[in-house]
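**Q** Generate a structure from the sequence data that follows.
(chains A and B)
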Amino acid sequence: MTGTAIVTRSLSKRRGRHKALDGFTLTVPRGAVMGLVGANGAGKTTWMMTVAGFLRPDSGEIDVLGGGPFNAERHGGRLAILPQDSELPLEVSPRAALYRFGRIQGLSRAAACKSVDDALAAVNLGARASAPVRTLSHGMRKRVMVAQCFVGQPEVVLLDEPLNGLDPIEADRLRRFILAQRGRKTVVVSSHNLKDVERLCTHVAFVEQGRVVRVDTLSSITHGTDRAVYRLAAEPTDHASLSAAFPEATLEWRAEERALVCTFAASEGGVAAANRRMLPALLAQTDVISVETGLSLEEAFLSSARTS
Amino acid sequence: MRRSLHRIAQTALWEWSGAIRSRRALVLLLLYLASAVLCMNGTISILGKMEKELAAMLQLPDAGEAGVVSASLWKSKPFNTIVRSVVGESPVLDDISGRHPVELLYAWFVFFCAPLLAVLVAGTRVSEDLRSGAVRYMVVRETRLEWSLGKYAGQSLMVGGALAASAIGAAAVAFCRLPSGTAAALFVPMLNWGLRAWIYSLAWIGLALGLSHLTRSPGRATAYGILAICLCGALPPLMDFLHANADWPAALTQVRMLVPAGAEMSLWRFSAVPLATGSFHLIILGLVYLMAGAAVFDRSDV
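**A** Predicted coordinates:
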């Protein structure tokens, strides 16, 4: 999959007095799983709702799948969204609701039935598929809402807090399902759980006050190729020998974490090359508990938030 | 175009099944059916009583069946002349004179209830979806106009079903209370009046749904609908009053044609041309109301 799935340029949207989007510029490559990370009210949900055509932007440009702003005639069935705070009709069953959605998207009866069964199986709701939505728990309703995104063959899926409210087992199942979409669909996920974003996404955008302040691949943002963190049993006694082992790197000892942070240029050969040089020198002095590559997404986000 | 019609039809089915499952709509429809049955029963009883008193007063033998005396009176030339002298020459009167009183009372009932039924059943359907956010699952799959038209079609089916059920219910009462020959003769005319009332209700459904597009509060949408019934009901008599007393030009009084009540009497006609033009007028009126609401909705955030 090549090209871009969604392009938004200088998107602005006021909601009351508040500027929910203020020059939101973001390009989502096709086949990527893009994570939107930001504080409450940063503009993630507003952006998704604007891309899906629920909100009319005040200014700016939107291009969805090369067909301009969202238009149900052109994009219906090709773009799916898990909207926030949107209830499914309570009296119908998940199967009936999803079947009708599939039929509206233009699926034949047989294709709609198959697609609904697949989507409900993906969220493990086959057993309660015929019960009215009102009888389902909050988590189950959430799973139905996620399932409706995967009825038919949408090319772009926007998931606003998809794992929120799910139990750990179902959250894990859904995580795996979203991971399986990598390269097959373009998925945009917004979440406050940065560990989820880290596990799911290939690309990450940091959103603050209605605009994207940083967007890149996950490995670039977390310095996955130019940073290694060695968790040690004790502080190394001979720092000079460590510097001599890898003179091109910058070493920083963090006593409270018992971690040695090794930062180097990505051109030095990456973490594998750093390990080859650092580990013998470290093991000569102490035990190495673990090796982590790069920053956690949380650290990267907090560092970005502090600097901006 | 075909795909668009398919989406509208699917939305209508969805709307119809949703409305059936919604307890509120079902309760309203059952109440309507019950009131149609009770009204028919009451009508036959009152008519029978009145005719008995009339027969006793005129020292005539008891006819034994409600409506016989009224039907005979209705068909008699002198009575017709008296009525015409009171209400004036009217093509509607020409068309309905001679019809069975029970049938006409049923017709009055369904036409009287149609606006209220439309507003109470359909009036909240859009605003409820706007409030709950359920609309988002639809407008990401079809255009907003298709969604609105699908809602309209679904609600029209729903109200049509209610009117058909009320006609059958009323006919069942007639079968129990009147001689079978009379009741059988009333069945088709009652269905006919149900169909006419359905056409009339299409304009009201359009109005109720159009107003429902303007608010996320179902309560407010119902209030708008009831207010609209009052205003639309008051407009034709107001126009007549202004024409008669304030010398308003006749052309200006045609403003009444902008409300369903202004075209209602066309549906009481039995001549093909006024009936067809009246029906067309009401259907278009309903669609215009709906489109006006849908146009506002199309520009708004959901």
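**Q** Roughly how far does the closest residue to chain A within chain B sit from B:P101?
**A** Closest approach of chain B to chain A (Cβ to the nearest Cβ) occurs at B:G133, with a separation of 3.1 Å. In this view, the C-beta of every residue, glycine as well, is placed from N, C-alpha and C. Note on B:G133: its distance to B:P101, by Cβ to Cβ, to the nearest Å, is 51 Å.
**Q** and the two? which has more neighbours close in?
**A** Comparing B:G133 with B:P101 by other Cβ atoms under 10 Å in any protein chain shown, the one with more neighbours is B:P101, at 20 against 17.
**Q** Number of residues surrounding the closest residue to that one other than its chain neighbours?
**A** Leaving aside its chain neighbours, B:P101 sits nearest to B:S70 (4.1 Å; criterion: Cβ to Cβ, 6 or more residues apart in numbering or on different chains). Residues lying near B:S70 (other Cβ under 10 Å) number 20.
**Q** what does B:M57 give?
**A** Around B:M57 sit 8 other residues, with neighbours defined as other Cβ under 10 Å.
**Q** ok now do the residue of the stretch 51-200 of chain A found nearest chain B, which residues does it touch?
**A** Using Cβ to the nearest Cβ, the single residue of the stretch 51-200 of chain A nearest to chain B is A:S86, 3.1 Å away. Counting by Cβ atoms under 8 Å, 6 or more residues apart in numbering or on different chains, A:S86 touches A:145, B:132-134, B:136-137.
**Q** Show me the residue sitting in the middle of chain B in space.
**A** B:A114 (3.0 Å; Cα atoms, centre = their mean).
**Q** A:R231 looks like it's in a strand, true?
**A** Yes - counting by DSSP: H, G, I helix; E, B strand; the rest coil, one finds A:R231 located in a strand.
**Q** give me the beta-bridge partners of it?
**A** For A:R231, the beta-bridge assignment (DSSP bridges) gives partners A:A259, A:S290.
**Q** give me the number of residues near it?
**A** Using other Cβ under 10 Å, A:R231 is surrounded by 15 other residues.
**Q** quick revisit: looking at the contacts of A:S86, which are in strands?
**A** Among the contacts of A:S86, no member falls in strands (DSSP state E).
**Q** which residues are in contact with the helix or strand where B:G18 lies?
**A** Taking DSSP states H and E as the criterion, B:G18 maps to helix B:2-21. Residues outside helix B:2-21 that contact it (Cβ under 8 Å, 6+ apart) are A:73, A:76, A:89, A:91-92, A:96, A:100, A:103-104, A:106, A:132, B:25-26, B:121, B:125, B:138, B:141-143, B:146-147, B:149-151, B:153-155, B:157-158.
**Q** try stretch A:100-117
**A** Residues outside stretch A:100-117 that contact it (Cβ under 8 Å, 6+ apart): A:76-77, A:92, A:95, A:98-99, A:126, A:148, A:150-152, B:3, B:6-7, B:10-11, B:13-14, B:137-138, B:141-142.
**Q** buried ones in the helix holding B:G18?
**A** B:7-19, B:21 (16 or more other Cβ atoms under 10 Å in any protein chain shown).
**Q** Among the residues you listed, which one lies nearest to B:R269?
**A** Lowest distance from B:R269 to the buried residues of helix B:2-21 (Cβ to Cβ) belongs to B:A12, with 29.5 Å.
**Q** Kindly report the residues of the stretch 51-200 of chain B close to chain A.
**A** Residues of the stretch 51-200 of chain B lying close to chain A by Cβ under 8 Å from any Cβ of the partner chain are B:132-134, B:136-144, B:146.
**Q** can we see that at 6 Å?
**A** With Cβ under 6 Å from any Cβ of the partner chain as the criterion, the stretch 51-200 of chain B meets chain A at residues B:132-134, B:136, B:140-143.
**Q** Now B:L116: closest residue in space, sequence neighbours ignored.
**A** For B:L116, ignoring the flanking residues on the chain, the nearest one in space by Cβ to Cβ, 6+ apart is B:I229 at 6.7 Å.
**Q** From A:L79, how far off is that neighbour?
**A** The gap separating B:I229 from A:L79 is 40 Å, by Cβ to Cβ.
**Q** pLDDT at the residue lying closest to B:M265 once chain neighbours are set aside, what is it?
**A** Nearest non-adjacent residue to B:M265, counting by Cβ to Cβ, 6+ apart: B:V92, 5.3 Å away. pLDDT recorded at B:V92 is 79.
**Q** Can you tell me the element B:V92 falls in?
**A** B:V92 is located in helix B:91-96, with elements delineated by DSSP H and E.
**Q** Go through that helix and flag the buried ones.
**A** Buried, per 16+ other Cβ under 10 Å, within helix B:91-96: B:92, B:95-96.
**Q** Would you confirm that the residue nearest to B:P101 belongs to a helix?
**A** Yes - counting by three-state DSSP, one finds B:S70 located in a helix.
**Q** Flag the shaky bits of chain A, pLDDT-wise.
**A** For chain A, the stretches with pLDDT under 70 are A:1, A:308.
**Q** And for the closest residue to B:A263 other than its chain neighbours, the neighbour number?
**A** The spatial neighbour of B:A263 that comes closest, neighbours along the chain excluded (Cβ to Cβ, 6+ apart), is B:H281 at 4.7 Å. Close neighbours of B:H281, defined as other Cβ under 10 Å, add up to 19.
**Q** Now B:H281: phi and psi?
**A** Backbone torsions of B:H281, given as degrees, to the nearest 10, read phi -60, psi -50.
**Q** hmm, which of the contacts of helix B:2-21 are the buried ones?
**A** A:76, A:89, A:91-92, A:96, A:100, A:103-104, A:106, A:132, B:25, B:121, B:125, B:138, B:141-143, B:146-147, B:149-151, B:153-155, B:157-158.
**Q** List, one by one, the residues from the stretch 51-200 of chain A near chain B.
**A** Checking the stretch 51-200 of chain A against chain B by Cβ under 6 Å from any Cβ, the hits are A:52, A:54-55, A:72-73, A:76, A:81, A:83, A:85-87, A:89, A:91, A:100, A:103-105.
**Q** how about the strands in the stretch 101-250 of chain A?
**A** Under the criterion DSSP state E, counting those that start in this stretch, the stretch 101-250 of chain A contains strands at A:156-160, A:186-190, A:203-208, A:211-217, A:227-232, A:250-254.
**Q** Next, work out how far apart A:H203 and B:G48 are.
**A** From A:H203 over to B:G48 (counting by Cβ to Cβ), the distance is 81 Å.
**Q** Check the contacts of A:S86 and tell me the two furthest apart.
**A** The span of these, defined through Cβ to Cβ, is set by A:M145 and B:S132 at 12.3 Å.
**Q** So for those two, which residue has more residues nearby?
**A** Higher neighbour count among A:M145 and B:S132: A:M145, with 24 against 17, using other Cβ under 10 Å.
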